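Undergrad: Need a 3D model of the sequence below.
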Amino acid sequence: MEHIINIKAVKKIYQLGDQEVHALAGVNLQIKANEYVAIMGPSGSGKSTLMNIIGCLDTPTFGEYWLNGNDVSRLADEKLASIRNKEIGFIFQTFNLLSRYNAVENVAVPLIYAGVERITRMELAKEALRQVGLGDRMDHKPNEMSGGQRQRVAIARALVNSPSIILADEPTGNLDSKTSTEIMRLLHELHQLGNTIVLVTHEEDIAQHAHRIIRLRDGIIEMDSAKEN
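TA: Here you go, the predicted model:
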């Protein structure tokens, strides 16, 4: 099976004043289509940096990153943004919803950047909301919804472009345990439908939902283990 993510000898170095910070120190990572992978590591391990590179929010200092057969390691910001909008569906801990927009309008935002006409994007947004069980909340604004419902809107927004990867950054970080369970069940269902999911978390019980766990420490992969299904 083709690797959808292929990271080769990636290093990321930040300059902080006179000091060089080696956030990633030579990472090699391959992820196939329809894998469900969790990335873990303590603060300062490089997991956020790796997530930013996987999500095309940043580029490596050295090494290569091939996403869906395209080398995205050295792209200019504008081209990177275009690839990001097409290939990656983001789910954030803080939901990142626009307060003045209702659920349908929030979900449709990535389609605006993709140049999809209004009638089509509204239909696609409604379908994505139905997929996450929010068919009856389409006209509600974020402040009229619970935390769990807001995260479902964020998941629908991540799905609406039919991305290659769903990248979930601490997706249950702001939710209570019951709602967290519901959101993780929804991610499991999305994986069952064929989506590739990369989950970034510091919570062991959340990582255990994935089928493969990658542990980082000091900018390198310390452990990469597949779970028995």
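
Undergrad: who's in contact with L190?
TA: I155, L159, I166, I197 (Cβ atoms under 8 Å, 6 or more residues apart in numbering). (C-beta placed from N, C-alpha, C; glycine too.)

Undergrad: Can you list phi and psi of the residue minimising distance to the centre of the chain for me?
TA: What sits nearest the mean C-alpha location of the chain, by Cα atoms, centre = their mean, is L167, with 1.3 Å. Backbone dihedrals for L167, given as degrees, to the nearest 10, come out at phi -110, psi 110.

Undergrad: And the average pLDDT for the helix of greatest length in the chain is what?
TA: As assigned by DSSP state H, the longest helix anywhere in the chain is helix 177-192. Helix 177-192 comes out with an average pLDDT of 92.

Undergrad: ok, and for it, which residues are buried?
TA: T179, S180, I183, M184, L186, L187, L190, H191 (16 or more other Cβ atoms under 10 Å).

Undergrad: would you list every one of the strands in the chain?
TA: 3-16, 19-32, 36-40, 62-67, 70-71, 88-92, 165-169, 196-200, 212-217, 220-226 (DSSP state E).

Undergrad: Which among those strands is found nearest to E105?
TA: The closest of those to E105 is strand 88-92. By Cβ to Cβ, the value is 17.3 Å.

Undergrad: What strands line up against that closest one, and which way round?
TA: Take DSSP bridges as the rule and strand 88-92 pairs in its sheet with strand 165-169 (parallel).

Undergrad: neighbouring contacts of the partner strand?
TA: Applying Cβ under 8 Å, 6+ apart, the external contacts of strand 165-169 come out as 4-5, 51, 54-55, 67, 87-93, 155, 158-159, 187, 190, 195-200.

Undergrad: what about 6 Å?
TA: For strand 165-169, contacts defined as Cβ atoms under 6 Å, 6 or more residues apart in numbering pick out 55, 88-93, 158, 195-200.

Undergrad: Please indicate which of those are buried?
TA: Among the contacts of strand 165-169, those classed as buried by 16+ other Cβ under 10 Å are 55, 88-93, 158, 195-200.

Undergrad: Any stretches of this structure with poor pLDDT?
TA: 1, 228-229 (pLDDT under 70).

Undergrad: Count residues in the vicinity of the spatially closest residue to M145 that is not a sequence neighbour, would you?
TA: Leaving aside its sequence neighbours, M145 sits nearest to R137 (Cβ to Cβ, 6 or more residues apart in numbering; 6.3 Å). For R137, the tally of surrounding residues (other Cβ atoms under 10 Å) stands at 20.

Undergrad: Next, R137: phi, psi?
TA: phi -120, psi 20.

Undergrad: and it, how far is that from A156?
TA: Counting by Cβ to Cβ, to the nearest Å, the separation of R137 from A156 is 10 Å.

Undergrad: go on, H191?
TA: Taking Cβ to Cβ, one finds H191 at 16 Å from A156.
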